[in-house]
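A.B. asks: Turn this into a model:
(one chain, ligands or ions: 2)
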Amino acid sequence: MENQNNEAINFGRSLIVPSVQELAKQSITKIPPRYVRQDNQKPLFKSSDDTSTLSVPVIDLHTLFSTDPGSSTYSSELNKLHTAAKEWGFFQVINHGISESLLEDFKREVLSFFKLPMEEKQKLWQKEDSHEGFGQLFVVSEEQKLDWCDLFYVITLPHNLRKSQLFQNLPPVLRKKLEAYSTEIKKLAKGILGEMAKALGIEGEEMSELFDDGVQSIRMNYYPPCPEPESAFGVSPHSDAGGLTILYQLTETEGLQVRKDRKWVSVKPLPNALVVNIGDIMEIVSNGVYKSIEHCATVQSTKDRLSVATFYTSNMGLEVGPARSLVAQHNVANYRRVMFEEYYKSFFARKLEAKTYLSLNVKSKSENAQGELEKKRVRREQTPTGDDRKRIVSATSEGIDFTDLSVFDPYDNKLHHLEDAHGGATRD
Ligand SMILES: O=C(O)CCC(=O)C(=O)O
Ligand SMILES: [Fe+2]
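C.D. replies: Ligands and ions are numbered 1, 2, ... in the order given. Next comes the predicted model:
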C-alpha cells in the first residue's frame, strides 16, 4: 500500500543559484569566479575521436531480453554485461526497446522546456525547502564552486512521492511524454537489474524485494556554451547514489567523461543508444562486485549540450545492504546496511564530490582501512596547499607513508602522485 503521507518527504534542498543559461546569453568572455576551478581541479580535454583505444562497452539488450537463456549468444552477451558492470561500471545499451518516436518526442519537449522564457521557468523554480524543479543540486555553501549547468530535477516514481503542484505546472505535452518515458525507463531498469541478478547469482525474489517499486527521479541537464570551458565543469566528478542510472544524451555534443582506472574516457553519444551506469546502491547490493564509477560532464565553447539522467533506485522504507545470496557466496559483507531514505538524504545534503560518500560511510570494517586512507586523501585535496605538510606528517605518524603530493587511489589500491588535474587521473 502506498503511504499518502510520503508526499511530505523531502530528499533534500540546495541553495538557490543564478541561471547559467541566462548568464550565458550575455556575451561574456570570462566566467564568474564561482565557476572557475582551482588549477589542480580543472577538467581535462580530449574528445573520443582523438583518444585511441578505450571506449565504453556496448551491450545489445535485444540479445539479453529476447534470446533463449540457454543459448550461447545469450550467455556471451550476459558475460559482456557482467564484465562491463564490474570493470567499467558504465556501458551503452542498444536495442533497448524504447521506441525511437518516444525518444524523439521526449527530446523535442525537453529542448523546448529549457527554451521557455524565464517568467515561465520561475513558476517551476526550486523553493528553499526542496531541490525539485529548475535550479541546481548539491549547493551547500556560498563559497562552493558551481557547475556550468541548469537542471530540472523531479521525483517521478512511485506516484505518491510526486510533488503534485510541480507536475501540474509542467507544460502538458512534456508532462505526457515524461510520464511515458518514466514508465519505459522503469521497465528497462528492472530488465537490466534482472539480468545483472542472473549474472551475479542474486535470487530473483531478493531483487524484487529491493527494486520492484523503486524510487525514480529524473534530472534534465542543460549545459550552455561556456566561454572558458577549460576552467569549468558541467557536472563535477561524482558517483550516482541510486541503483542504476540511465542517461539519454539528447545532443551529439560530447561531454560525459567516465573514470576508467586512472584515465578519463569520453562517452560518445551513439544514435538511439542509452548510457547505463552502476550507482552506489547497486555497488552495495552487489557486495562491491559492480562499481559505481566516478564521472563528470565537461562543457564546450560554442555548442550547448542536453542530457536526461534517470536514477532508478530501491523501494522506499527499505534497509539496503549486500544481497543475502552474495554474502553467502562471498562469506563476507563488504558494506554496512543502510536505510535507503537516510542514505539518499545524506547524499543530497553534501557537496557532490568524487566517490567520497560511499567510501567513507558505508564500507564495512573489512574495507575500512581503505576508507580511512580515502578520508585523508579527500581532506588533502580540499586544501591542496597550505597545511598539506602537517597533514602528511599526521598521516605518516599514523603509520601511513604519504610522500609529498601522493594520493591513495581507491580504484587500484595504490599511492599516486597528485600532479595531474581532474582528481589525479589522466586522460587516455
Ligand atoms: O550529462 C551528463 O552526461 C552526466 C550527467 C550526470 O552525471 C548526472 O546527471 O548525474
Ligand atoms: Fe551522474
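A.B. asks: partners of Arg259 in the sheet?
C.D. replies: As for beta bridges, Arg259 partners with Trp264 under DSSP bridges.
A.B. asks: Name the residues of the stretch 301-428 of the chain found near ligand 1, please.
C.D. replies: Ser307, Ala309 (Cβ under 6 Å from any ligand atom). (Each C-beta comes from the backbone N, C-alpha and C, glycine too.)
A.B. asks: pLDDT below threshold where in the stretch 301-428 of the chain?
C.D. replies: Within the stretch 301-428 of the chain, the stretches with pLDDT under 70 are 349-357, 359-362, 364-428.
A.B. asks: and the residue of the stretch 1-150 of the chain at minimum distance from ligand 1, how many neighbours?
C.D. replies: Closest approach between the stretch 1-150 of the chain and ligand 1, counting by Cβ to the nearest ligand atom: Cys149, at 8.0 Å. When counting by other Cβ atoms under 10 Å, one arrives at 26 neighbours for Cys149.
A.B. asks: go on, Arg37?
C.D. replies: By the criterion of other Cβ under 10 Å, Arg37 has 16 neighbours.
A.B. asks: That one in helix, strand or coil?
C.D. replies: In three-state terms, and counting by DSSP: H, G, I helix; E, B strand; the rest coil, Arg37 is coil.
A.B. asks: how near is it to Gln144?
C.D. replies: Using Cβ to Cβ, to the nearest Å, Arg37 is found at 11 Å from Gln144.
A.B. asks: now do Ile185
C.D. replies: According to Cβ to Cβ, Ile185 stands 30 Å off from Gln144.
A.B. asks: So between those two, which is more surrounded?
C.D. replies: Legend: neighbour count by other Cβ under 10 Å for Ile185 and Gln144, higher for Ile185 (24 against 15).
A.B. asks: nearest residue to the more buried one other than its sequence neighbours?
C.D. replies: Distance criterion Cβ to Cβ, 6 or more residues apart in numbering; nearest residue to Ile185, sequence neighbours excluded, is Thr310 at 4.7 Å.
A.B. asks: Partner strands of the helix or strand containing the one you found, with direction?
C.D. replies: Per DSSP states H and E, Thr310 falls inside strand 305-312. Sheet pairing of strand 305-312 (DSSP bridges) gives strand 216-223 (antiparallel), strand 244-249 (antiparallel).
A.B. asks: Have a look at the chain and report its longest helix.
C.D. replies: As assigned by DSSP state H, the longest helix anywhere in the chain is helix 172-200.
A.B. asks: Return the angle between stretch directions for that one and strand 305-312.
C.D. replies: Between the axis of helix 172-200 and that of strand 305-312 there is an angle of 60 degrees, by axes from the mean of the first three to the mean of the last three Cα atoms, to 10 degrees.
A.B. asks: is helix 172-200 anywhere near ligand 1?
C.D. replies: No: Helix 172-200 lies out of reach of ligand 1 by Cβ under 6 Å from any ligand atom, never closer than 13.8 Å.
A.B. asks: Return the set of buried residues in that helix.
C.D. replies: 174, 177-178, 181-182, 184-186, 188-200 (16 or more other Cβ atoms under 10 Å).
A.B. asks: now the helix or strand hosting Leu166: mean pLDDT?
C.D. replies: Using DSSP H and E, Leu166 maps to helix 164-168. On average, the pLDDT along helix 164-168 is 91.
A.B. asks: Run the chain-centre distance for that helix.
C.D. replies: 25 Å (Cα atoms, centre = their mean, to the nearest Å).
A.B. asks: Show me what counts as buried in it.
C.D. replies: Using 16+ other Cβ under 10 Å as the test for burial, helix 164-168 gives Leu166, Phe167.
A.B. asks: Please identify which of the strands paired with strand 305-312 is closest to ligand 1.
C.D. replies: Ligand 1 lies closest to strand 216-223 among these, at 4.6 Å (Cβ to the nearest ligand atom).
A.B. asks: Over to the spatially most central residue of the chain. Which of the three states is it?
C.D. replies: Taking Cα atoms, centre = their mean as the criterion, Asp240 is the residue nearest the geometric centre of the chain, at 3.1 Å. Classification of Asp240 using three-state DSSP returns coil.
A.B. asks: Check the burial of the residue of the stretch 151-300 of the chain found nearest ligand 1 by counting its neighbours.
C.D. replies: With Cβ to the nearest ligand atom, the shortest gap between the stretch 151-300 of the chain and ligand 1 falls at Leu256, namely 3.3 Å. Neighbours of Leu256 under the rule other Cβ under 10 Å: 26.
A.B. asks: Touching, it and Ser266? I think so.
C.D. replies: Yes: taking contacts as Cβ atoms under 8 Å, Leu256 lies within contact range of Ser266: 7.0 Å.
A.B. asks: Okay, and the residue nearest to Glu195 when sequence neighbours are not counted sits in which element?
C.D. replies: Spatial nearest neighbour of Glu195, excluding adjacent residues (Cβ to Cβ, 6+ apart): Leu64 at 5.1 Å. Using DSSP H and E, Leu64 sits in helix 61-66.
A.B. asks: before we move on, what about Tyr153?
C.D. replies: Using DSSP H and E, Tyr153 falls in strand 150-157.
A.B. asks: Now do that strand and helix 172-200, the angle between them.
C.D. replies: Going by the same axes, to 10 degrees, strand 150-157 makes 70 degrees with helix 172-200.
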